[in-house]
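> just need the structure, nothing else, for what follows:
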Amino acid sequence: MNIDNSFFLEKAKICLSPNSSDRKSNEVSLLVIHNISLPPGNYGGDHIEKFFTNQLDHEEHPYFQDIANLKVSSHLLIKRDGSITQFVPFNKKAWHAGISTFRGREDCNEFSIGIELEGTDESKYEKEQYESLISVTKELMSFFPDIKKDTIVGHSDIAPDRKTDPGKSFDWSYFRSNLD
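Reported below is the predicted structural model:
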């Protein structure tokens, strides 16, 4: 973790998103795991980076027209090969959770870090993604001591009526057992 008025992961490629804002407090106590692929089910390329930085060509694919007006981001994206891109410094609020609630607290963006895995609910995640996710999670837990195993959740846990990610293909048992 590199601190210079912002929080960046040293091993991450930086691709800053305008879709962020200041947090109301410095408390970070929740880690939310998501999945994304653009277009859905397609991997590789730079569509996700362009989407999170509002540079996606909406004429390039019919699905992109459906998401043309969305302004979203996450703190991190972990690609299929395990490479990491950071869009928002950890001390700022990324716009990843939307309408959400965790243990009675609304607006999870305010107190969480969002990590996107390149994938779908049904596709098996790659070993390299788990390795990167485990490494990053351990570092975040060390830096933000209020993030504990029981405050690491999927998007589906904080927005169950609208979201299903990271999906049934995510191996929670393997992931959590490697956080020790």
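> contacting residues for E49?
C15, L77, T85, F87 (Cβ atoms under 8 Å, 6 or more residues apart in numbering). Every residue, glycine included, has its C-beta placed from N, CA and C.
> name the element it belongs to?
For E49, the host element (DSSP states H and E) is helix 47-52.
> now for the contacts of E49, which pair is the farthest apart?
C15 and L77 (8.5 Å; Cβ to Cβ).
> from H96, how far off is I36?
10 Å (Cβ to Cβ, to the nearest Å).
> roughly how far out does the helix holding E49 sit from the chain middle?
13 Å (Cα atoms, centre = their mean, to the nearest Å).
> hang on, the earlier thing: more crowded one of I36 and H96?
H96 (27 against 20; other Cβ atoms under 10 Å).
> which residues touch stretch 129-140?
Taking Cβ under 8 Å, 6+ apart as the rule, stretch 129-140 contacts 1, 9, 31, 33, 76, 78-80, 82-84, 90, 113, 115, 117-119, 147, 152, 171, 174-175, 178-179.
> 7 Å - rerun?
1, 9, 31, 76, 78, 80, 82, 84, 113, 115, 117, 147, 152, 174-175, 178-179 (Cβ atoms under 7 Å, 6 or more residues apart in numbering).
> return the subset of the residues you listed lying in helices.
Y174, F175 (DSSP state H).
> picking up where we left off before, got the CA positions of the helix holding E49 in CSV?
Extracted as CSV, the C-alpha positions of helix 47-52 are listed here (Å, rounded to 0.1, in the frame of the first residue of the first chain):
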residue,chain,number,x,y,z
HIS,A,47,-13.9,-2.6,-22.2
ILE,A,48,-14.1,-2.7,-18.4
GLU,A,49,-11.5,0.0,-18.1
LYS,A,50,-13.3,2.1,-20.6
PHE,A,51,-16.6,1.5,-18.9
PHE,A,52,-15.3,2.5,-15.4
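> report the buried residues of the helix or strand following that helix.
Downstream of helix 47-52, the first helix or strand assigned by DSSP H and E is helix 62-66. For helix 62-66, a neighbour-count test (16 or more other Cβ atoms under 10 Å) marks F64 as buried.
> kindly report the same for stretch 144-164.
Those would be F144, I147, T151, I152, V153, G154, H155, S156, D157, I158, A159, K163, for stretch 144-164 by 16+ other Cβ under 10 Å.
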